[in-house]
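1. here is my input, please return the structure:
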Amino acid sequence: MLGGGGFLGFHAVAEALAQGHEVTTFSREGEVPLGGVEALGGDRRSDLSALWGRGWDAVLDTFSDPEAVGETARLLSGSVGAYGFVSGVSVYHPEGPAVANEGSPLRRPEDPTISEDDPLQERSIAKLRCEGAVREQFRGPTLVVRPGIMVGPRDPTDRFTWWPVRLRAALAGEVGEEVLAPGDPTRPVQFTDARDLAAWMAGMLDAAEEGTFNAVGPGRPVTVSEVLHSCLQAAAISTDAEDGQQVRMGWAGEDFLREGLVGVPEEERPLWFPEDQIPFRAVDSSKAAEAGLSFRPVDETALDTLAWARSNPREGGLRAGFSREVESDLLRRWRKRSQNTENTR
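-> I've put the predicted structure just below:
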């Protein structure tokens, strides 16, 4: 495992160990927060010496530097059985089909059809170049996996984590009982529990499977409302509350939120994207499902994520989400706008 101490890498190591594999990690820190692992130290950009002369059955790479990925793939070619690389669905062209599959058009460097302000362009092109570097430099089976938003315990962004934490605080009476909810409650959403992805990739690499696969869940279509209900259920279990009747969801409109969140960095917002910022309606992961990828229920992800967040409180609070002051102000302004709209009818 190239890395292994972060989010997906940690779960990949844990799942490989659970499946009975011997695991070696390579990172600048030279260690991972898991026992039973051989930990090697080095630097992807300047010092791969710890990998010289060694051999492994498979390697998993999540890096985004094309030159470093290509150099590692070249070095390990011939000494590793299969090479897995984690890319992302943002590599698909934003003006492609509404439902993206593995054959959909990809982004291109310096593409005049893509806005210069597109925040995904630079990283997505880097991931595409990494994919190409692996295929070009590694002689052997290559597995390229394209997930979307990843959630679950250890998520460093807190964009999903904020919801069960916020709802639990409401149930416990720690903050207001009305919770700002984003946009249309019936809108479908997609994301993947990193543990499901990690378990599937470990099995695929063990079998030296190759190919390119989208890996976006859940396994069935779910709406924003259903996701927040799962988070509320997790919060109720955590607080021993009988139900969530005392929590009110304040569903604010897309246009209002877009205006109200001006100046709030995207990475600090909870799991919500304006509809006009989503390049496709859905991602087709049927190919991966046919190859054995499955997704746990959203209820389980919400419950486990909340338990992890409570056991590992972040110093300074969660990295995403609204402060109580911002949330209260947005709710107040939304109620006022809604009232004015009603009065003009």
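
2. let me see the mean pLDDT of stretch 6-13.
-> The pLDDT scores in stretch 6-13 average 95.

3. list the contacts of it.
-> 1-4, 23, 25, 32-34, 37, 60, 62, 86, 150, 152, 154-156, 194-195, 197-198, 201-202 (CB atoms under 8 Å, 6 or more residues apart in numbering). In short, each C-beta sits where N, CA and C put it, glycine included.

4. off-centre distance for it?
-> Relative to its parent chain, stretch 6-13 has a centroid offset of 12 Å by CA atoms, centre = their mean, to the nearest Å.

5. return the members of the contacts of stretch 6-13 classed as buried.
-> Buried members of these, counted by 16 or more other CB atoms under 10 Å: 1-4, 23, 25, 32, 37, 60, 62, 86, 150, 152, 154-155, 194-195, 197-198, 201-202.

6. stretch 144-158: end-to-end distance?
-> Terminal residues of stretch 144-158 lie 26 Å apart, using CA to CA, to the nearest Å.

7. so for the helix or strand containing residue 127, what gets flagged as buried?
-> Per DSSP states H and E: residue 127 is located in helix 121-137. By neighbour count on 16+ other CB under 10 Å, the buried set for helix 121-137 is 121, 124-131, 133-135, 137.

8. likewise stretch 81-93?
-> 82-93.

9. which two of those lie the greatest distance from each other?
-> Maximum pairwise distance in the buried residues of stretch 81-93, criterion CB to CB, is 28.5 Å, between 82 and 93.

10. show me the buried ones among the contacts of stretch 6-13 that map onto strands.
-> By the criterion of DSSP state E, membership of these in strands covers 23, 25, 37, 60, 86, 150.

11. got a list of what the second one touches?
-> Spelled out, that is residue 25. Residue 25 sits next to 1-5, 9, 13, 31-32, 37-40 when contact means CB under 8 Å, 6+ apart.

12. sketch out the low-pLDDT regions of the stretch 101-250 of the chain for me.
-> Low-confidence segments of the stretch 101-250 of the chain, defined by pLDDT under 70: 241-245.

13. relative to residue 194, how far out is the spatially closest residue to residue 4 that is not a sequence neighbour?
-> Nearest residue to residue 4, sequence neighbours excluded (CB to CB, 6 or more residues apart in numbering): residue 25, at 3.8 Å. Taking CB to CB, to the nearest Å as the measure, residue 25 falls 17 Å from residue 194.
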